[in-house]
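Peer 1: Build me a model from this:
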Amino acid sequence: LQMLTEDQLADRVPGAVEALGRLRAPGLRLAIDDFGTGYSCLAYLARLPVSMLKIDAHFVRGIEADRNARLIVEAITGLARRFGYATLAEGIETEAEAATLAAMGCDMGQGFLLSPPLARAAFEARFLRPAA
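Peer 2: Sure thing, here's the model as predicted:
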């Protein structure tokens, strides 16, 4: 296990941007998972070729009762919109959470309210339409 400081990571960002750009070229969409947790550096956000920010379930669970969680989700969705990124909220478990996130402009969601984890065959049967 090798630990990297933010300074060390900053030295590697140009290579990461180039590598991620090559991945994105054939149409692969990249997301920053658990955005808003850890030590996210906003300077990297403008440089990395991503198309989506995933909002951590920690903020979603507190969105109804915790003013700070709500403010963070509003900030993330607003920031993503300004960069032209989609947003996906993780851990949606209640209709109230889903409605609040939709009202904030969150594009997509995942969580037990929408579906429990599914095996591939069950996913395909539930969500993919048969070929016509």
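Peer 1: show me where the chain has helices.
Peer 2: Ranges of helices within the chain are 6-24, 42-47, 57-61, 67-83, 95-103, 120-127, based on DSSP state H.
Peer 1: Return the residues in contact with the residue lying closest to V73 once chain neighbours are set aside.
Peer 2: Excluding its sequence neighbours, the residue lying closest to V73 (Cβ to Cβ, 6 or more residues apart in numbering) is F59, at 5.1 Å. (Glycine included, C-beta is placed from N, CA and C.) The contact partners of F59, taken as Cβ atoms under 8 Å, 6 or more residues apart in numbering, are 36, 69, 72-73, 76.
Peer 1: How about the contacts made by the most centrally placed residue in the chain?
Peer 2: Most central in the chain under Cα atoms, centre = their mean is K54, positioned 1.0 Å from the mean C-alpha point. By Cβ under 8 Å, 6+ apart, K54 lies in contact with 31-35, 87-90.
Peer 1: For it, give its distance to A125.
Peer 2: When distance is defined by Cβ to Cβ, to the nearest Å, K54 is 26 Å away from A125.
Peer 1: Leaving out chain neighbours, which residue sits closest to R81?
Peer 2: Nearest residue to R81, sequence neighbours excluded (Cβ to Cβ, 6+ apart): G105, at 6.4 Å.
Peer 1: what about that neighbour, how many residues close to it?
Peer 2: G105 sits with 12 neighbouring residues when counted by other Cβ atoms under 10 Å.
Peer 1: tell me which residues in stretch 115-123 are buried?
Peer 2: Buried residues in stretch 115-123, counting neighbours by 16 or more other Cβ atoms under 10 Å, are absent.
Peer 1: Other residues contacting stretch 75-86?
Peer 2: Contacts for stretch 75-86 (Cβ under 8 Å, 6+ apart): 35-36, 45-46, 50-53, 55, 59, 87, 104-108.
Peer 1: By neighbour count, which of those residues wins?
Peer 2: I55 (28 neighbours).
Peer 1: I'd like to check which residues are in contact with the residue nearest to that one when sequence neighbours are not counted.
Peer 2: Excluding the flanking residues, the one nearest I55 by Cβ to Cβ, 6+ apart is A89, at 4.5 Å. Neighbouring residues of A89 by Cβ under 8 Å, 6+ apart: 54-55, 57, 60, 73, 97, 101, 106, 108-111.
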